[in-house]
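> Mind looking at a prediction? Sequence and model below.
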Amino acid sequence: MSSPRAHDVLILGGGNAGLSLAGRVRRDGCRDVAVVEPKDVHQYRPLLSYVASGMATLADLSRPQDDVVPDGVRRYRSPVVSVDGERSIVHLADGTELGYGDLAVCPGSEVDWDAIPGAREAVGTPSASTSYLPELAAKTWAMLSALTSGRAVFAVASRHVPCFPVGLKPLFVATDHWRRTGVLDAIDVELVVESPRLVDDPRAERELLAAAQEYGVRIRTSTTVESVDATDRTARLRTPHGVDTTHYDALYLAPPHRAPGWIAQSGLATAESDGFVAVDPGTLQHRTFPRVWGLGDAAAVDAMPSGGALRRQVPVVARNIQARRKGTAMQQYDGYSVAPVTTSRSELLLAEFDRERRPEPTTRLVDLARPRRSLLLFDRYLQPPIYWRRLLQGKVS
C-alpha cells in the first residue's frame, strides 16, 4: 500500500482563517503548505450584513478562490470526509489521502436549521430571511425596505453564530430607513436576542440600547426562538418567564450554527465542545492530538467567533506550530473578539472584548465604542481591500 501524499502544514478550510494562516506560515518560512477547500468562490462574509442592509452587493464580496489562495500554497478541491488523528491522515471525498506534519482545522461553521423547526421553510417565503446565507442576503433588504406597516421581528441567536451582534446591522439600517421614509411609527419593531446582552462590551452595549430606544425598538433578551410557523407567520419564543408567541410581517433571523459533521465523526470534538474542534482555548492546540490545531468558527475557543478574533488566533497558531516543533513555550490567545455594529445607515461602532467580557480596545486615543461615520466608512469600504490584498496573504498580524 502506497503512503499518502504528505504536506508539512495542511489546512482544512480556505476561508478567512485558512488562507490567512496559510499566508502566515508561508511568510514564516514553511515551503510546503496545502489547503483543502472545495468552494470555487471565496466570499468576504462580513459584507453579507451590508448586502442585507442595501449597502453592498454579492459581487462586492466574491472572488475566484484560486485568485486569493496565497502564492506557493497548493489547493485541494475535494471535500473532507474524515480525519484520522492517530495516523495523521486526512481522507477526501475523491479518495485522496493526505498526511501532515501539522494540521489546522478551520472549515467554518454552517447554519443549523434543525435548531429552529420551521425556520428553513420560513426563509423560503417572502416574509422571512437571513443575512447569514449569501443566497438570502439581498432578499433580506428587499423584504425590510418594502415594509411600510405591521410588525418586524429581528431574532438574533448566539449559539455559535459568527459575530452574532452584526445581526443588528439590518435592524438599525432598516429602522433608520423607515424613519427617513416616514413609516417608522407604523411599524412595531421587536428585537429577540438569545444572549442576556446585545454585545459583551458594556460601553458599546449602552450605545446600542440608546439607539434602539431612539427608534422605539422593543427588546427581549435571554429569549430563544423555539420554532417558526411560516403559514401563520408566528414565532414561538422561550422567554425567562415562559413560552410566548409573536406574529411577524417581516422576520429576520441570525440563526444558530453548527460545525461540519465530520469533525465530531473524526473524534476531533468532545461532548463539552458541542461538535466543534476541542482545543485548548489559549494555545489552540487539540486536547488529544498535539499536531492538530483549531481556529475560527469551527473551534471551541470559549470566545465569540469573528473575523477580528482571527487576527489574534492566526499568529498564535502559526507561532505555536513552530513552538511545538522546537519544544519552546507557546503563545496564548486571550479570547479577544470584535463586533462592528451600525447604529444607522451612516454610523458604526466597534465592540471589543475578551473572553471574560472585559473591554479590550485596540486604541485608547479614540473611543471606538461610540458610533462614528469614519468607522462605517472604514468597515464598509477600506477593510475589504485590506482583506483581499493583505490579510489573506498573511501580511497582517
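Here it is on my side, so go on.
> OK, contacts around S145?
G54, A174, H177 (C-beta atoms under 8 Å, 6 or more residues apart in numbering). For glycine as for every other residue, the C-beta is placed from the backbone atoms N, C-alpha and C.
> nope, A119 is what I meant
Contacts of A119 by C-beta under 8 Å, 6+ apart are W113, A128, V225, S227, V228, L253, P255.
> Now with 7 Å, please.
By C-beta atoms under 7 Å, 6 or more residues apart in numbering, the contact set of A119 is W113, V228, L253, P255.
> now do K169
So K169 contacts S49, S53, V341, T342 (C-beta under 7 Å, 6+ apart).
> picking that back up, out of the contacts of A119, who has the most neighbours?
L253 (29 neighbours; other C-beta atoms under 10 Å).
> Tell me which helix or strand E226 sits in.
strand 224-229 (DSSP states H and E).
> re earlier: can you tell me which of the contacts of K169 are in helices?
Among those, the residues falling in helices (DSSP state H) are S49.
> Quick check: the two most widely separated of the contacts of K169?
S53 and V341 (11.3 Å; C-beta to C-beta).
> quick one, which of those two is more surrounded?
Comparing S53 with V341 by other C-beta under 10 Å, the one with more neighbours is V341, at 28 against 25.
> hang on, the more buried one packs against A211?
No: with contact defined as C-beta atoms under 7 Å, V341 does not reach A211; the gap is 9.1 Å.
> D40: what's its closest spatial neighbour, skipping adjacent residues?
Nearest residue to D40 in three dimensions, chain neighbours excluded: Q65, at 5.2 Å (C-beta to C-beta, 6 or more residues apart in numbering).
> In the chain, spot the helix with the most residues.
From DSSP H, the single longest helix across the chain is helix 307-326.
> now the residue nearest in space to the middle of the chain: how far from P117?
For the chain, P162 is the residue whose C-alpha lies nearest the centre (C-alpha atoms, centre = their mean; 2.5 Å). Noted for P162: a distance of 22 Å to P117, by C-beta to C-beta, to the nearest Å.
> related to what we said a few turns ago, most neighbours of all the contacts of S145, which one?
A174 (28 neighbours).
> OK, contacts around that residue?
Counting by C-beta under 7 Å, 6+ apart, A174 has contacts L144.
> CA atoms only: put the strand holding E226 into CSV for me.
The C-alpha trace of strand 224-229 is given here as CSV (Å, rounded to 0.1, in the frame of the first residue of the first chain):
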residue,chain,number,x,y,z
THR,A,224,-34.8,31.9,22.3
VAL,A,225,-36.8,31.3,19.1
GLU,A,226,-38.0,27.7,19.5
SER,A,227,-39.9,27.3,16.2
VAL,A,228,-41.4,29.3,13.4
ASP,A,229,-44.7,28.7,11.6
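> I219: neighbouring residues, count only.
16.
> Shouldn't it be within a strand?
Yes: counting by DSSP: H, G, I helix; E, B strand; the rest coil, I219 is located in a strand.
> one step back: make TSV out of the contacts of A119 and add pLDDT and secondary structure.
As requested, the contacts of A119 are exported to TSV (pLDDT from 0 to 100; DSSP: H, G, I helix; E, B strand; the rest coil):
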residue	pLDDT	secondary structure
W113	97	helix
V228	98	strand
L253	98	strand
P255	98	coil
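> Distance of V161 relative to I116?
12 Å.
> Same check on D232?
From D232 to I116 the distance is 15 Å (C-beta to C-beta).
> for P134, same thing?
Distance from P134 to I116, by C-beta to C-beta: 20 Å.
> Comparing these two, which residue is more hemmed in?
I116 (22 against 16).
> W141 contacts G54, doesn't it?
Yes: counting by C-beta under 7 Å, G54 is a contact partner of W141 at 4.1 Å.
> wait, doesn't the residue nearest to the centre of the chain sit right on G296?
No: in this structure, P162 is not within contact of G296 by C-beta under 7 Å, at 8.9 Å.
> Sticking with G182, tell me its helix or strand.
G182 belongs to no helix or strand, assigned by DSSP H and E.
> what's the burial count for it?
The burial count assigned to G182 is 9, neighbours taken as other C-beta under 10 Å.
> repeat for R324
16.
> And it, how close does it get to P79?
28 Å.
> Spatially nearest residue to L375, not counting backbone neighbours?
Nearest to L375 is L348, by C-beta to C-beta, 6+ apart, at 4.5 Å.
> for Q383, same thing?
P46 (7.3 Å).
> That neighbour against S306, yeah?
No: contact criterion C-beta under 7 Å: P46 and S306 do not qualify, at 8.7 Å.
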